[in-house]
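Asker: Predicted structure and sequence below. I'll ask about it afterward.
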Amino acid sequence: MLLNDVLGLLKRTLNCHESLYLWEVFFDRSKWYHYHGAPMLTPPQRNILPQVIEPRRLVNQGVVLTGEIAPELCKRLTESVLEISEPIVANLIFDKEERGRKVVHVNASTTIQVACHRCLEPMSLPLTCDTVLGIVWSEDQAKSLPRDLEPWVVEEEMGDIAALVEEELLLVLPFVIYHPEDQCSAATGYSTNEDIDAGTPRENPFSILEQLKNSGSDN
Ligand SMILES: [Zn+2]
């Protein structure tokens, strides 16, 4: 997948810088420098993003956050699927549009296990969302956004990016999901199902014709 390649590349190139950003954003400078002055620690293999951030401040700093959203923060998504089987990798670019409008570009992906609606067997489904949202203080302010810009209503300083990413992934989750026909046990077993169904009484058009014919010959 091209998108995943780009994400992977972004993740690799940004990983180092963005850890620095995080330290800068979430720890005061003295602690940061103290930490930085210590011998370099092995960087964490997996970078879990914080749940809440200050979106407007990150816009002003032009910050890009790349990392994983902890799946336990995504209860609605967890409850909507059998399993979240791959890490939820998110790339959030905090930026200013023309006219100074604060926006966040959300690109996130994961893989989920869902039940096929035809055969009920689990199936793997990659999910990817890619949206630009205008950061607004209220629903009222959201109405002033151009139509192509979804609102992200953040009523306080802090905004919940786990909830934001979860919401965007829920929006791309298909309502009804099937295996491709050649991989679905119910689809290939279609004629067998018909045979089983034949056991249940069903009005046969030929038998109706037969009855009509018989009733006609009686007269
Ligand atoms: Zn199926």
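Answerer: Now that the structure is in, tell me what you want to look at.
Asker: ok, how many other residues are close to residue 144?
Answerer: Counted with other C-beta atoms under 10 Å, residues neighbouring residue 144 total 10. Just so you know, the C-beta spots here come from the backbone N, C-alpha and C atoms, and that holds for glycine as well.
Asker: Output the set of residues of this structure in proximity to the ion.
Answerer: Counting by C-beta under 5 Å from the ion, the chain comes close to the ion at 116, 118, 119, 179, 184.
Asker: Name the member of these with the most neighbours.
Answerer: Counting by other C-beta under 10 Å, top hit in these: residue 116 with 20 neighbours.
Asker: OK, contacts around that residue?
Answerer: 122, 123, 177, 178, 179, 184, 186 (C-beta atoms under 8 Å, 6 or more residues apart in numbering).
Asker: Narrow those to those that are buried.
Answerer: The neighbour count (16 or more other C-beta atoms under 10 Å) marks 122, 123, 179, 184, 186 as buried among the contacts of residue 116.
Asker: can you give me the strands in the chain?
Answerer: 52-53, 64-69, 83-84, 88-96, 102-115, 122-136, 150-153, 159-160 (DSSP state E).
Asker: Tell me the confidence at residue 148?
Answerer: Listed pLDDT for residue 148 reads 87.
Asker: Give me the number of neighbouring residues for it.
Answerer: Neighbour tally, residue 148, other C-beta under 10 Å: 7.
Asker: With residue 97 instead?
Answerer: Other residues within reach of residue 97 by the criterion other C-beta under 10 Å amount to 13.
Asker: Make sure it is actually in contact with residue 104.
Answerer: No. Using C-beta atoms under 8 Å, residue 97 is not in contact with residue 104; the gap is 10.7 Å.
Asker: a markdown table please, covering the contacts of residue 116 and showing pLDDT.
Answerer: Shown next, in a markdown table, are the contacts of residue 116 (pLDDT from 0 to 100):
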| residue | pLDDT |
| --- | --- |
| 122 | 95 |
| 123 | 95 |
| 177 | 91 |
| 178 | 92 |
| 179 | 93 |
| 184 | 92 |
| 186 | 89 |
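Asker: And the helices in this protein, which stretches?
Answerer: All helices of the chain, identified by DSSP state H, fall at 2-26, 29-37, 55-61, 75-80, 139-142, 161-172, 185-188, 190-197, 205-218.
Asker: on that earlier part again, any chance of the residues of the chain next to the ion in TSV with distance to residue 142 as columns?
Answerer: TSV is the format used below for the residues of the chain next to the ion (distance: C-beta to C-beta, whole Å):
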residue	distance to residue 142
116	37
118	39
119	42
179	39
184	41
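Asker: quick one: residue 65 and residue 95 touch, right?
Answerer: No. Between residue 65 and residue 95 there is no contact under C-beta under 8 Å: 12.0 Å.
Asker: Which one's more surrounded, those two?
Answerer: residue 65 (21 against 16).
Asker: between the helices of the chain, which gets the lowest average pLDDT?
Answerer: Across the helices of the chain, helix 29-37 gives the lowest mean pLDDT, at a mean of 39.
Asker: quick one: buried residues of stretch 80-90?
Answerer: 81, 84, 86, 87, 88, 89, 90.
Asker: how long is it from one end to the other?
Answerer: 19 Å (C-alpha to C-alpha, to the nearest Å).
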